[in-house]
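In: Give me coordinates for this.
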Amino acid sequence: MQRFFFHIIASDLGLLPDTDGVMLNDLEAAHVRAVRIMFATMAAASEVMEDCQGWKLKVADLTGRSVLTLLYPSYLGASIKRGHPD
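Out: Residues are numbered from 1 along each chain as shown. Sure thing, here's the model as predicted:
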């Protein structure tokens, strides 16, 4: 088991650090957790019409070394910003 940290880098908010981390078996488990975090934050952002385009989720190990980076898609799209979803 090793500790992984899941830092969100939001283009409009800056770094949202994970100061606690979580113990996981391996990098594959960290990737699964990162994807879950990404979808959860996208769902929360959509409630306030926040577009996550340009956001990143950086997974780091206990030394602070980046071991994985996920890029958030632009999931809201231009049509929702204009007031009518696709």
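In: In this structure, spot the helix with the most residues.
Out: Longest helix in the chain, counting residues (DSSP state H): helix 27-47.
In: and it, how far out from the chain's middle?
Out: Computed by C-alpha atoms, centre = their mean, to the nearest Å, the separation of helix 27-47 from the middle of its chain amounts to 6 Å.
In: Run through the strands of this structure in chain order.
Out: With strands called from DSSP state E, the chain shows them at 2-10, 14-16, 22-24, 56-60, 66-71.
In: quick one, which of those is packed in tightest?
Out: Comparing these by mean neighbour count (mean count of other C-beta atoms under 10 Å), strand 56-60 ranks first with a mean of 20. Quick note: C-beta positions are derived from backbone N, CA and C, even for glycine.
In: what are the pairing partners of that strand, and which direction each?
Out: Using DSSP bridges, the strands paired with strand 56-60 are strand 2-10 (antiparallel), strand 66-71 (antiparallel).
In: angle of it against helix 27-47?
Out: Counting by axes from the mean of the first three to the mean of the last three C-alpha atoms, to 10 degrees, strand 56-60 lies at 150 degrees to helix 27-47.
In: Output strand 56-60 as CSV, nothing but the C-alphas.
Out: Output in CSV follows, covering the C-alpha atoms of strand 56-60 (Å, rounded to 0.1, in the frame of the first residue of the first chain):
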residue,chain,number,x,y,z
LYS,A,56,-6.2,19.0,-14.3
LEU,A,57,-6.2,16.3,-11.7
LYS,A,58,-2.6,15.6,-10.7
VAL,A,59,-1.9,12.4,-8.7
ALA,A,60,1.2,12.5,-6.6
